[in-house]
Structures are given as C-alpha cells and as structure tokens.
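Q: Just to be clear, the model below is a prediction. Sequence and coordinates:
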Amino acid sequence: MPAAAFFVNWNHSGDDLLPVILVIFNLLPLSIFLAIMSVTIILNFGIALVMQMMAVVLCLAWLVPCMILCSVTALCFWQAIHFTRFMIGILVERRIGITMSPHKLY
C-alpha cells in the first residue's frame, strides 16, 4: 500500500500554500493602491498636505475592505483545496483497498 501512504503523506503535508494564495489574491488590490498613492503623491507635491491625507484616507477606506475580502476568499479557496486533497486521498485508499482485497470465486 505504498501509493496510499504517499497520498496520505501528501494530503496532510505541511505545505506553504496559504501564504502563496494570500499573496496572489491580494496582489491586485495592493498594486492598485500603490499606483493611486504614487499618482497622488506626484500630483499633490506642491499642494496642501490636507489633500494628500484625504487621498490616503479614501484609498485606505477602499483598500482595507478589499484586502479583507480577498484574504477571506483566499482562505476559502485554500480550504477547498485541502478538502479536495482529503477526499481524493480517501477515494484512493478505498480504491486500493478494494483492489487488494481477496476476490470471492462463485
């Protein structure tokens, strides 16, 4: 039963998939935030600091909920991947158990 043992070890291995998924899911909102902040810094360089603070507050009001939503979505996606791995592992173990069981002759 080495194939099932390999599958179970792969199923429960401590991989670092969650941080990768979090970075991928949050990369777009963060890059949009940085682009907007870069443009407002360049445009507001000679204007009052109040305008820059207003731009920061508005951008953060958009970024924080977006990051929370993207993080929760990434966590759900990660849970779905682990559940799928777990179910595939169970199905493989059952399939190997069925093929290795002695067959009855009728």
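A: All right, it came through fine.

Q: what comes up buried for stretch 63-77?
A: L63, C66, M67, C70, A74, F77 (16 or more other CB atoms under 10 Å). Backbone N, C-alpha and C define where each C-beta goes, glycine included.

Q: and that stretch, how far from the chain's centre?
A: Put simply, stretch 63-77 sits 9 Å off its chain's centre (CA atoms, centre = their mean, to the nearest Å).

Q: So which residues make contact with it?
A: Stretch 63-77 is contacted from outside by L18, I21, L22, I24, F25, N26, L28, P29, L30, F33, using CB atoms under 8 Å, 6 or more residues apart in numbering.

Q: Disregarding residues adjacent in the polypeptide, which is nearest to the fourth one?
A: Meaning I24. What sits nearest to I24 in space, not counting adjacent residues and going by CB to CB, 6 or more residues apart in numbering, is A74, at 7.5 Å.

Q: again with the first one
A: Leaving aside its chain neighbours, L18 sits nearest to W78 (4.9 Å; criterion: CB to CB, 6+ apart).

Q: Can you tell me the element that neighbour falls in?
A: Using DSSP states H and E, W78 sits within helix 49-100.

Q: Could you tell me the average pLDDT over that helix, please?
A: Here helix 49-100 scores 86 as its mean pLDDT.

Q: Make 187 the starting number, not 1.
A: With the count now opening at 187, the last piece we talked about shows up as helix 235-286.

Q: mind checking how far that helix is from the chain centre?
A: Relative to its chain's centre, helix 235-286 lies at 4 Å (CA atoms, centre = their mean).

Q: now the contacts of stretch 249-263 in TSV, with pLDDT and distance to I282?
A: Output for the contacts of stretch 249-263, formatted as TSV (pLDDT from 0 to 100; distance: CB to CB, whole Å):
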residue	pLDDT	distance to I282
L204	83	29
I207	87	30
L208	85	34
I210	87	34
F211	87	35
N212	88	39
L214	87	42
P215	88	44
L216	88	44
F219	88	49
